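[1] let's see this in three dimensions:
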Amino acid sequence: MFSGLLIILVPLIVGYLIPLRHKAALQLINRLLSWIVYLILFFMGISLAFLDNLASNLVAIFHYSAVSITIILLCNIAALLWLERILPWRHHHQQEKLPSRIAMALESLQLCGVVVLGFV
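    Have a look, this model is predicted:
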């Protein structure tokens with residue numbers, strides 16, 4: 001379990017430490033990362049297909065996921081509160097004119113319509 005965690009976290013930390021400014025390289029890396037995520041999800045699906053007693057294991061997976069999500073969210077909120085206290089955010093943004101509420105509602109309805117068309 002810890003080896004799997006290290007396989008994920010070590011490249012993530014190393015990747016954040018390497019500065020990269022070229023837009024083409026960043027786009028290539030983003031595209032490759034998307035494919036890697038799909039590949040990981042594919043292999044996770046295959047491993048789930050070969051699990052014995054999948055129904056009982058799904059309950060355990062749900063519990064682990066719920067605990068992990070809760071702990072991660074609480075740690076993120078605590079870190080953000082600490083960071084806000086240490087380095088208060090000062091923005092120099094000028095408020096722009098907001099789009100109309102009707103336009104925003106129509107855009108949301110358009111997105112919902114696309115989802116409905118996908119089911120048809």
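
[2] who are the packing partners of the strand or helix carrying residue 16?
    Residue 16 is part of helix 2-17 when elements are defined by DSSP states H and E. The helices and strands touching helix 2-17, judged by 3 or more CB pairs under 8 Å, 6 or more residues apart in numbering; DSSP states H and E, number zero. For glycine as for every other residue, the C-beta is placed from the backbone atoms N, C-alpha and C.

[3] mean confidence for the helix or strand just after it?
    Where DSSP H and E defines the elements, the next helix or strand beyond helix 2-17 is helix 23-49. Helix 23-49 carries an average pLDDT of 83.

[4] quick one: helix 23-49 to helix 2-17, angle?
    170 degrees (axes from the mean of the first three to the mean of the last three CA atoms, to 10 degrees).

[5] in helix 23-49, what's buried?
    Of the residues in helix 23-49, none is buried by neighbour count under the rule 16 or more other CB atoms under 10 Å.

[6] low-scoring stretches of the protein, by residue?
    Along the chain, segments meeting pLDDT under 70 span 1, 115, 118-120.

[7] which residue is nearest the middle of it?
    Among the residues of the chain, the one closest to the centroid is residue 37, at 10.7 Å (CA atoms, centre = their mean).
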